[in-house]
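**Q** No letters, just coordinates:
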């Protein structure tokens, strides 16, 4: 038997997503559950980064992960292996999660015993940026092979995120990617964005990312 | 002065996209313009692959490229440098092109002097798969750093494509990517899909891809 559930997410019927997101944020604050929304392109390393994040923080807080995907359970299975609470959300073709869909996931995973719940959104740099999920913070990953020009082409995603993880820095020698240029483009859209280079595969930079996340959670609780 | 135009695409008002796509395909057949719809994640190498494709085929046919992007003109500028006809389509936040939006692009680029017109769709493995653009063939790129499990997670895209280019094979030694597994997953969804490994940066495999494309165009004309 698998140690995670699979939940089929229904299309949301709420007209006003912003209001629904604010309401969800208020409820999560009351329940003391910090919701992090993690977004990226397909294949930039969300799940591997999450496994490292759980490893770094699991002794300090109770962590759950909601894995949203069009199809397949491979990500929830990978997270469940770490011992963290995991649920697979199937969006049935939908390209993003909005607040009402996120709420279905939160009810499915049951946040009663969680301090931190992470939503791994559908791999997509366009649509998820348009829908507030009710999260406390938005994080995104851009991996080195994708190129340093992505802020120019997907500006909204870089604008709405609090932190940008530049992943796969171990392959910098093999790609034409400038962290300096990427930082310049991202900061032009979002001067406050935090930028943390990491390599989820080797663990490089994960401490800095865990420190940032811990600080956000502590400031939010205070 | 730039040697490409920028066109702001308007949201389509057609209710029945499939019918609109069939009509566009019929018109393009009459005009003898082969439309290729090229899709992928952000950063998988669509534009570099197109530059190589133009290089390989420009002495045999007249090629135009429509570069669809949320924002920025960097891709049209890169294509225009090759001497091919180029137009930048700005989707204004929209995550895909449907047939009516593609028609706006075709009118903007003016296909009167073209044999092959390539649409570089918005970088996204989800939404573009759901909308028939009116193209004669659908092509997609999956790059090695994205991982060989992507057919499991974005099944519709792999189902509707006639050909899958596996790009960035020069970095296979640095990533955990099995061409065999990827082929197995993709063929399970779409037994007829052609799979061509390439490296757009070095040019490896581009001859095989150009051969495939030439054959499709010749068969379509016959």
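**A** Ah, there it is. Only a predicted model underlies this, so the values are computations on that prediction, with no experimental measurement involved.

**Q** you'd agree residue A:195 is in a strand?
**A** Yes: looking at residue A:195 with DSSP: H, G, I helix; E, B strand; the rest coil, it is inside a strand.

**Q** That one: neighbour count?
**A** 15 (other Cβ atoms under 10 Å in any protein chain shown). From N, CA and C alone the C-beta is placed, and that goes for glycine too.

**Q** center of chain A, which residue is that?
**A** In chain A, the residue lying closest to the centroid (Cα atoms, centre = their mean) is residue A:38, at 1.1 Å.

**Q** Partner strands of the one helix or strand it maps to, with direction?
**A** Per DSSP states H and E: residue A:38 is located in strand A:34-40. Neighbouring strands of strand A:34-40 in its sheet, by DSSP bridges, are strand A:116-120 (parallel), strand A:137-143 (parallel).

**Q** possible to save these as JSON lines with mean pLDDT and mean neighbour count?
**A** As requested, these are exported to JSON lines (pLDDT from 0 to 100; neighbours: other Cβ atoms under 10 Å in any protein chain shown):
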{"stretch": "strand A:116-120", "mean pLDDT": "97", "mean neighbour count": "26"}
{"stretch": "strand A:137-143", "mean pLDDT": "98", "mean neighbour count": "25"}
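
**Q** Would you mind giving those as TSV with distance to residue A:110 added?
**A** Shown next, in TSV, are the strands paired with strand A:34-40 (distance: least, Cβ to Cβ, whole Å):
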stretch	distance to residue A:110
strand A:116-120	10
strand A:137-143	22
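
**Q** Kindly report the residues of chain A close to chain B.
**A** A:41-44, A:69-72, A:74, A:93, A:95, A:122-127, A:130, A:143-147, A:149-150, A:152-156, A:168, A:170-171, A:174-175 (Cβ under 8 Å from any Cβ of the partner chain).

**Q** 7 Å instead?
**A** Residues of chain A lying near chain B by Cβ under 7 Å from any Cβ of the partner chain: A:41-43, A:69-72, A:74, A:93, A:95, A:122-127, A:143, A:145-147, A:149-150, A:152-156, A:168, A:171, A:174.

**Q** Which residues belonging to the worst-scoring helix or strand of chain A on mean pLDDT are considered buried?
**A** Using mean pLDDT, DSSP states H and E, strand A:5-8 stands out as the lowest-scoring helix or strand of chain A, at a mean of 80. Within strand A:5-8, the residues that qualify as buried are A:5, A:7, counting by 16 or more other Cβ atoms under 10 Å in any protein chain shown.

**Q** try stretch A:82-98
**A** The neighbour-count check on stretch A:82-98 (16+ other Cβ under 10 Å) flags A:82, A:84-91, A:94-98 as buried.

**Q** of those residues, closest to residue B:110?
**A** When the buried residues of stretch A:82-98 are ranked by distance to residue B:110 (Cβ to Cβ), residue A:95 comes first, at 31.9 Å.

**Q** and the closest one, what element?
**A** Residue-wise, residue A:95 maps onto no helix or strand under DSSP H and E.
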